[in-house]
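[1] Sequence isn't available, so here's the structure alone:
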Ligand code: AMP
């Protein structure tokens, strides 16, 4: 099962993607996580990506496409995968379709986690991330057990630079301009499914499971 998660930054697509990966036993591929891991390791790719990420801008397509194309040909992707944060532009979507068609494959579902902008702004201010292991929390909805400390690895959790209010506004503008057209793109392919992302996390996941089949 090959799934794309669509939705504005902060819509909760990452949380849902992780749950889908767990339930259906397929890899969760998050381009944001891959970039953050590269930043942490101090790689040249990380340094380049950071310049864009800190401004709320998208990393150029050519840096992302190859990364994903190389990842989805790995052995663990043979039964499917869930893409989180990719594609984010029409050229990325077209490149993905091409890479898959070379393997005689195609995407099965694009799930749009729909949340209005005003909810997003409130949510992102409360988001906290562990820069060490990548776990994400929310001060109200998914709090850490001990305040400010990651449940999984014990490091500090922080408000990511790209989750700061001014950057969030920029990311939303970028989302509407560059990523939202993908809804029409996948709708035209007949694989778009929408879920109401304003509902509680578990209800959203139940809706997704209904779409994908138990
Ligand atoms: P995310 O964790 O998915 O919200 O991604 C964080 C940031 O990484 C984004 O705001 C972009 O700057 C960058 N990024 C992640 N995925 C992509 C992508 N597919 N195309 C371009 N930039 C991306």
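    Good, I have the coordinates. Just so you know, these numbers come straight off a predicted model, no measurement behind them.

[2] which helices and strands sit right next to the helix or strand of the chain with the lowest mean pLDDT?
    Here the helix or strand of the chain ranked lowest by mean pLDDT, DSSP states H and E is helix 117-125, holding a mean of 88. Here helix 117-125 touches helix 165-174, going by 3 or more C-beta pairs under 8 Å, 6 or more residues apart in numbering; DSSP states H and E. All C-beta spots, glycine's among them, are computed from the backbone N, C-alpha and C.

[3] Show me which residues of whatever helix or strand comes next after the helix it packs on are buried.
    Using DSSP states H and E, the helix or strand that follows helix 165-174 towards the C-terminus is helix 181-188. Neighbour-count burial for helix 181-188, with 16 or more other C-beta atoms under 10 Å as criterion, is recorded at 182-183, 185-186.

[4] closest to the ligand among the residues you listed?
    Of all the buried residues of helix 181-188, the ligand sits closest to residue 182, with 10.6 Å by C-beta to the nearest ligand atom.

[5] before we move on, back to that, any idea how far the least confident helix or strand of the chain is from the chain center?
    16 Å (C-alpha atoms, centre = their mean, to the nearest Å).

[6] Residues touching it, excluding its own?
    Helix 117-125 is contacted from outside by 8-12, 115, 138, 141, 159, 163, 165, 168-169, 172, 198, using C-beta atoms under 8 Å, 6 or more residues apart in numbering.

[7] same for the ligand: which of those are within range?
    residue 9 (C-beta under 6 Å from any ligand atom).

[8] and the contacts of helix 117-125, which are buried?
    Among the contacts of helix 117-125, those that count as buried by neighbour count (16+ other C-beta under 10 Å) are 8-12, 115, 138, 163, 168, 172.

[9] Pipe those residues into CSV and attach secondary structure per row.
    Shown next, in CSV, are these (DSSP: H, G, I helix; E, B strand; the rest coil):
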residue, secondary structure
8, coil
9, coil
10, coil
11, coil
12, coil
115, coil
138, strand
163, helix
168, helix
172, helix
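
[10] Tell me which two in the residues you listed are the farthest apart.
    Taking C-beta to C-beta as the measure, the buried ones among the contacts of helix 117-125 span a maximum distance of 17.7 Å, between 138 and 172.

[11] returning to what we had before: could you give the angle of the least confident helix or strand of the chain to helix 165-174?
    140 degrees (axes from the mean of the first three to the mean of the last three C-alpha atoms, to 10 degrees).

[12] Is the ligand within reach of helix 117-125?
    No. Judged by C-beta under 6 Å from any ligand atom, helix 117-125 stays clear of the ligand, getting no closer than 9.8 Å.

[13] Many thanks, I have nothing further to ask.
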